[in-house]
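Engineer: generate a structure from the sequence data that follows.
(2 chains)
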Number of protein chains: 2
Amino acid sequence: MHQSVVVGDLSEREILARISARTGIADTAIVGPGDDAAVLAVRGALVATTDTLVEGPDFRREWSDGYSLGWKSAAVNLADIAAMGARPAALLVALAVPNDTPIDYVERIADGLREACDELAPGCAVVGGDLTQTSALTVAVTALGSTEDRPAVLRSGARAGDTVAIAGDVGVAARGLDVLFDRFDGSAPRLDELGAEDRRAVERQLRPVPPLALGVAAAEAGATAMMDVSDGLALDAMRLATASDVTIDLVWNALGDHPSTALRGGEDHALLATFAGRIPDGFRAIGRVVEAGEAPLLVDGASYEGEAGWDPYRDWQAPGGPVGWSA
Amino acid sequence: MHQSVVVGDLSEREILARISARTGIADTAIVGPGDDAAVLAVRGALVATTDTLVEGPDFRREWSDGYSLGWKSAAVNLADIAAMGARPAALLVALAVPNDTPIDYVERIADGLREACDELAPGCAVVGGDLTQTSALTVAVTALGSTEDRPAVLRSGARAGDTVAIAGDVGVAARGLDVLFDRFDGSAPRLDELGAEDRRAVERQLRPVPPLALGVAAAEAGATAMMDVSDGLALDAMRLATASDVTIDLVWNALGDHPSTALRGGEDHALLATFAGRIPDGFRAIGRVVEAGEAPLLVDGASYEGEAGWDPYRDWQAPGGPVGWSA
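Structural biologist: Have a look, this model is predicted:
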């Protein structure tokens, strides 16, 4: 039987050479990997965020191959850059891996990082990183972007009268997680056993495809507020409403075929934005901003009483989950 | 007996509130923690690096209190920014902590991060971060800085005839690690049992004090090459020589009272630089750059045959150690 090479079999130099051969070159890079730090030319203000995936609370290795883990690590961070109306420029990746991790798995993480950048944010690439040994596989990614000549779009700018709009899937990744728990708890997902919709949902849970280019488009169209929907549309809409000191009133019938799943689903990393005027192509209206009332979130004018969103303690059945102070 | 509050007793929101109350405000911050990403005004090119400390390979909790861990996490990353001749601007911190970690320990990490910034790089502060549950306490820090109106100083610019100079301690932190292993393996360091020099060495191992302001000073003085000495003066001098395609010839008698410890010691995060002209205040000459020969490193004109530097597999007696693709 083929004995696979694991991280502990190789020197640090060999592992890094294998990774950096796969991570591409950022358009903004003046100095890439290999010196004490990367050097980038950014235009306008710098936008920066960090988000970590830890095995157990954030992913399971039987569900996520290395490629999916790398892809998701990039996508969730790039979505936070796009949600500021900024253009993603570069990633830094702190990888901590157990010694018994197959080197193929680590190489596939690098492939997933690169391909997520190429597909979702062309010109963006990994410009630096760090490799450490640990007992719990951990991928900590920092994403950097630039506002270019636009102001950053904050959560706090929504005003009564604005239209609430969304770009990207809502509820698809949540459905995918339900399918994984219901059908494949403890095993690898067998996609060929699934119908088309469930299969796509699982794929989106493992490799989300946030509409990153629409972040810049929203900023150019004058979005008054924007955020990445990472913890559920209901919970994140409440956060945007609270930050802006307004109430958001969503229209149930505008939330697609499965409105309750859409309201609790977050891991699609849709972009939630408010506009005083025209909504740019790619966004769809789902409600409006009204004066702050008793509840931050209404659905069809009534206070929202449903499940508020992603709770890793409840939904993931693991001892914790990710939160961010820039989330 | 007082039962201390642990991370698992608190909600994510409570923990983040406790951390962000302690981390200060960066001078360059336009938008700090609380939105999808931080927004910073940087002047010149952006410099970015990431470095992770994992319990076991990189630190031991019986030796490092939370404050020391936070301090060191900041200092080692800020040193990489300074080594590019850049001014540190901001940190992002991905914290992954076991549920049974006392909240006091986490708060002290935040204190150490803030005070290292205040003392070593005034104006720099934590601008964002992420908190996750894990089994292995992990602090992944990304440091950002700006070149302002100067070019970045790379490892590759040293030329024959340049003077080799260093700023900051070399070998002190390595001596401190020796003391910790020899005297306190498995226990907390009892500093009052130590003489003054050993005590200072342990303190510097746990809370290094790299000469960060001298990074900008070196760039302003026209340093031709520079790097952070993180893995030992001998090993890092070889790396600089190789990147520049030259040989470095060090003077044994210029390496302080313990030249062999200086050559293998790295965790002080001294700044190693080369200058074609005047050496700025704070640096001291330790050798010269010569045409590339067979060996990248000479000491008093002879090929260096000693211990090359920090090897976490050998020196730390743990299953791994940190390396970086921007190291």
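Engineer: which residue comes closest to A:S244 once chain neighbours are left out?
Structural biologist: Nearest non-adjacent residue to A:S244, counting by Cβ to Cβ, 6 or more residues apart in numbering or on different chains: A:A158, 3.8 Å away. Where you see a C-beta, it was placed from the backbone N, CA and C, and this is true even at glycine.
Engineer: over to A:E193?
Structural biologist: A:R183 (7.4 Å).
Engineer: now do the contacts for the one you found.
Structural biologist: By Cβ atoms under 8 Å, 6 or more residues apart in numbering or on different chains, the residues touching A:R183 are A:P189, A:E193, A:L194.
Engineer: residues near the one residue in the stretch 1-150 of chain A that gets nearest to chain B, how many?
Structural biologist: Relative to chain B, the nearest point of the stretch 1-150 of chain A is A:Q133 (2.1 Å; Cβ to the nearest Cβ). Applying other Cβ atoms under 10 Å in any protein chain shown, we find 25 residues neighbouring A:Q133.
Engineer: quick check, it in contact with A:P98.
Structural biologist: Yes - shown here, A:Q133 and A:P98 form a contact pair, counting by Cβ atoms under 8 Å, at 7.2 Å.
Engineer: overlap in contacts of the two?
Structural biologist: A:V7.
Engineer: who does the longest strand along chain A pair up with?
Structural biologist: Longest strand in chain A, counting residues (DSSP state E): strand A:87-97. Strands that pair with strand A:87-97, judged by DSSP bridges, come out as strand A:125-133 (parallel), strand A:138-146 (antiparallel).
Engineer: now the element after the last one, going C-ward?
Structural biologist: Meaning strand A:138-146. Reading on from strand A:138-146 to the C-terminus, the next helix or strand found by DSSP states H and E is strand A:163-167.
Engineer: got the CA coordinates for that next one in PDB?
Structural biologist: The C-alpha coordinates for strand A:163-167 follow below in PDB (Å, rounded to 0.1, in the frame of the first residue of the first chain):
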ATOM      1  CA  THR A 163     -33.500  50.200   0.000                       C
ATOM      2  CA  VAL A 164     -32.100  47.000   1.500                       C
ATOM      3  CA  ALA A 165     -30.500  44.700  -1.100                       C
ATOM      4  CA  ILE A 166     -28.500  41.600  -1.200                       C
ATOM      5  CA  ALA A 167     -26.100  39.900  -3.600                       C
END
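Engineer: tell me how far it lies from the chain's centre.
Structural biologist: Counting by Cα atoms, centre = their mean, to the nearest Å, strand A:163-167 is centred 18 Å from the centre of its parent chain.
Engineer: quick one: is it near chain B?
Structural biologist: No - under the criterion of Cβ under 8 Å from any Cβ of the partner chain, chain B is not reached by strand A:163-167; the shortest gap measures 14.4 Å.
Engineer: which neighbouring elements make contact with that strand?
Structural biologist: strand A:246-250, strand A:270-275, strand A:284-291 (3 or more Cβ pairs under 8 Å, 6 or more residues apart in numbering or on different chains; DSSP states H and E).
Engineer: partner strands of the following helix or strand past the last one, with direction?
Structural biologist: Using DSSP H and E, the helix or strand that follows strand A:284-291 towards the C-terminus is strand A:297-299. On the basis of DSSP bridges, the sheet neighbours of strand A:297-299 come out as strand A:246-250 (parallel), strand A:302-303 (antiparallel).
Engineer: re earlier: what mean pLDDT does the longest strand of chain A have?
Structural biologist: Mean per-residue pLDDT for strand A:87-97: 97.
Engineer: ditto for stretch A:298-315
Structural biologist: When pLDDT is averaged along stretch A:298-315, the result is 69.
Engineer: got it, and stretch A:263-278?
Structural biologist: Regarding stretch A:263-278, the rounded mean pLDDT is 94.
Engineer: gap between it and the chain center?
Structural biologist: Here stretch A:263-278 is found 13 Å from its chain centre; the criterion is Cα atoms, centre = their mean.
Engineer: hmm, back to that, following element in sequence after the longest strand of chain A, please.
Structural biologist: Next helix or strand after strand A:87-97 toward the C-terminus (DSSP H and E): helix A:103-120.
Engineer: mean confidence for that next one?
Structural biologist: According to the model, helix A:103-120 has a mean pLDDT of 97.
Engineer: show me what that helix is packed up against.
Structural biologist: For helix A:103-120, the elements it packs on are helix A:12-20, helix A:66-82, strand A:87-97, strand A:125-133, judged by 3+ Cβ pairs under 8 Å, 6+ apart.
Engineer: run the angle between the first one and helix A:103-120 for me.
Structural biologist: Going by axes from the mean of the first three to the mean of the last three Cα atoms, to 10 degrees, helix A:12-20 is angled at 30 degrees with respect to helix A:103-120.
Engineer: what does the domain assignment say about chain A?
Structural biologist: Domain assignment for chain A by automatic domain parsing gives A:7-146, A:155-308.
Engineer: how long is the shortest one end to end?
Structural biologist: Which is domain A:7-146. By Cα to Cα, to the nearest Å, the extent of domain A:7-146 from end to end equals 35 Å.
Engineer: show me how far that domain is from its chain's centre.
Structural biologist: The answer for domain A:7-146 is 13 Å, by Cα atoms, centre = their mean.
Engineer: so what pLDDT did the residue in the stretch 151-300 of chain A that chain B sits nearest to get?
Structural biologist: Closest residue of the stretch 151-300 of chain A to chain B, Cβ to the nearest Cβ: A:A152 (4.6 Å). Looking at A:A152, its pLDDT reads 97.
Engineer: for it, what are its contacts?
Structural biologist: By Cβ under 8 Å, 6+ apart, the residues touching A:A152 are A:A45, A:V47, A:M84, A:G85, A:A86, A:A219, B:I30, B:V31, B:V39.
Engineer: what of A:G85?
Structural biologist: Residues counted as contacts of A:G85 (Cβ under 8 Å, 6+ apart) are A:T147, A:R150, A:P151, A:A152, A:V153, A:G215, A:V216, A:A218, A:A219, A:A223, A:M226.
Engineer: can I get the buried ones among these as something I can paste into PyMOL?
Structural biologist: Buried residues among the contacts of A:G85 (16 or more other Cβ atoms under 10 Å in any protein chain shown), as a PyMOL selection:
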select buried, chain A and resi 147+150+152+153+215+216+218+219+223+226
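Engineer: and of the contacts of A:G85, the nearest to B:V126?
Structural biologist: Ranked by distance to B:V126 (Cβ to Cβ), those are led by A:A152 at 18.7 Å.
Engineer: separation between the closest one and B:G128?
Structural biologist: Applying Cβ to Cβ, to the nearest Å, the value for A:A152 to B:G128 is 13 Å.
Engineer: related to what we said a few turns ago, ok, the residue of the stretch 1-150 of chain A closest to chain B to B:P122 distance?
Structural biologist: According to Cβ to Cβ, A:Q133 stands 34 Å off from B:P122.
Engineer: returning to that earlier point: and the helices and strands packed on strand A:163-167 as JSON lines, adding mean neighbour count and distance to A:R207?
Structural biologist: Putting those into JSON lines (neighbours: other Cβ atoms under 10 Å in any protein chain shown; distance: least, Cβ to Cβ, whole Å) gives the following:
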{"stretch": "strand A:246-250", "mean neighbour count": "25", "distance to A:R207": "27"}
{"stretch": "strand A:270-275", "mean neighbour count": "28", "distance to A:R207": "15"}
{"stretch": "strand A:284-291", "mean neighbour count": "18", "distance to A:R207": "23"}
